[in-house]
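K.L.:
With the input below, show me the fold.
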Amino acid sequence: MKITRFLQLIFAFILLFNISCTSDFEQTLEPITYENGYFITNEGSFNKPDAEVSFVTQDLNFLQNDIYKANNNENLGDVLQTMAFNGSKAYLVLNNSNAIQIVDRVTFKKQATVTSNLVNPRYIAFSGNQYFVTNNNFGNIIQLNAYNVADNSYVSNVSFPRTAEKVVEAGGKIVVQTDGVTYGPAPNFEELPTGHTVTIVTPSNMSKLEITLPSNGIIRDLISYNGDAYVLASGNTNSYIYKINSTAGTFTTTTLTGIAKAQKLRIDSNKFYFNDNTNKIYSMNLTSTTVPTNPLVTSTGNAYGFNVIDGRIFVSDASFTGSSKVNVYNASNGLLLTTFNAGIGTNGFYKN
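P.N.:
Purely as a prediction, here's the structure:
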């Protein structure tokens, strides 16, 4: 099944009805809304305001690209890093625009723009009446900012010595990826490992507790699931999943023996899903000690964007010069469900 962008046809059909209306009959057009589906973030190309968001319905039968511009009549911005939700709102973190655009998650109409104290913002998490944003300019600004949800006012920040990347809420604490990789100079941009820490931040006072993980892999990903934080680290031979106890500051380890250079980690329906640098996607039960020997899926392209939602694996072959290709697979058997084109640099998938 191939999804086609037929929104224009729907508008044309409605227009014909409008033209045929007389003064005795007026038709009210219902606005398009975005419940019961999946948002797709398109990073865009660096130094251009061409970041965008796509939407596909839950049945995967209808796709609309460029929904921010369609609903707000303006460009979204430069480098859409991530997206997150809190209540009725969606937060769009724009790295190179140094901004967060807040929209209604149903209508996608803009509600507010946040720019205060943002320097290359990366990721966002929520706890209580605040939200927390990592900032990292790979130089003198490496920190976590706190903001009030009610009015988006800046509260405070806490700094880290090497990096500030992924951030999640787990067990009432904010967990920050404070190591991983940085990058060497152009044109090679080689990966430079920075260390092996995650840091637990207490929201009420921004105090820090640093946890040092084993030095047998580079930290690649950080996620939360059912109140726990999980860290993915990978080496040249094996990879590792660390389950973090954010209250005690301890961790347990699952070793992915024989799976080298794992890159991304997700959890869906009590199963781990992770991919390696050859685009092989594996799955295993959350409590299993048996490591899979065969991949569930070998995706095409660069697997730049990756998520598993509702028993479906979403993976993108991102292009930064044109449309990116998205493949959706059945997470149980690995069968391809559909393929469609999204925007430039597709990097994420989110359930609404």
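
K.L.:
Which stretches in the protein count as helices?
P.N.:
7-20, 67-72 (DSSP state H).

K.L.:
Least confident of these, on average?
P.N.:
Lowest mean pLDDT within the helices of the chain: helix 7-20, a mean of 40.

K.L.:
What is the least confident helix or strand in this protein?
P.N.:
The weakest-scoring helix or strand in the chain, judged by mean pLDDT, DSSP states H and E, is helix 7-20 (a mean of 40).

K.L.:
What about the closest residue to Phe314 other than its chain neighbours, how many residues nearby?
P.N.:
Spatially, and ignoring its direct neighbours in sequence, Phe314 is nearest to Phe349 (4.0 Å; Cβ to Cβ, 6 or more residues apart in numbering). Yep, even glycine has a C-beta here, placed from its N, CA and C like the rest. Neighbourhood size, Phe349 [other Cβ atoms under 10 Å]: 26.

K.L.:
Roughly how far does the nearest residue to Thr212 once chain neighbours are set aside sit from Val167?
P.N.:
Leaving aside its sequence neighbours, Thr212 sits nearest to Thr197 (Cβ to Cβ, 6+ apart; 5.4 Å). Noted for Thr197: a distance of 14 Å to Val167, by Cβ to Cβ, to the nearest Å.

K.L.:
neighbour-wise, which of these two wins?
P.N.:
Just comparing Thr197 and Val167: by other Cβ under 10 Å the higher neighbour count belongs to Val167, 27 against 20.

K.L.:
Which strand residues bridge the more buried one?
P.N.:
Val176 (DSSP bridges).

K.L.:
what's the pLDDT at it?
P.N.:
Listed pLDDT for Val167 reads 98.

K.L.:
show me what contacts it?
P.N.:
Taking Cβ atoms under 8 Å, 6 or more residues apart in numbering as the criterion, Val167 is in contact with 122-125, 132-134, 144, 174-177, 222.

K.L.:
Repeat the analysis, applying 10 Å as the threshold.
P.N.:
82, 84, 122-125, 131-134, 144, 174-178, 198-199, 201, 222, 224, 229 (Cβ atoms under 10 Å, 6 or more residues apart in numbering).

K.L.:
Among these, which lie within strands?
P.N.:
Judged by DSSP state E, those include 82, 84, 122-125, 131-134, 144, 174-177, 198-199, 201, 222, 224, 229 as members of strands.

K.L.:
on that earlier part again, between Thr197 and Val167, which contacts overlap?
P.N.:
Counting by Cβ under 10 Å, 6+ apart, the contacts common to Thr197 and Val167 are 176-178.
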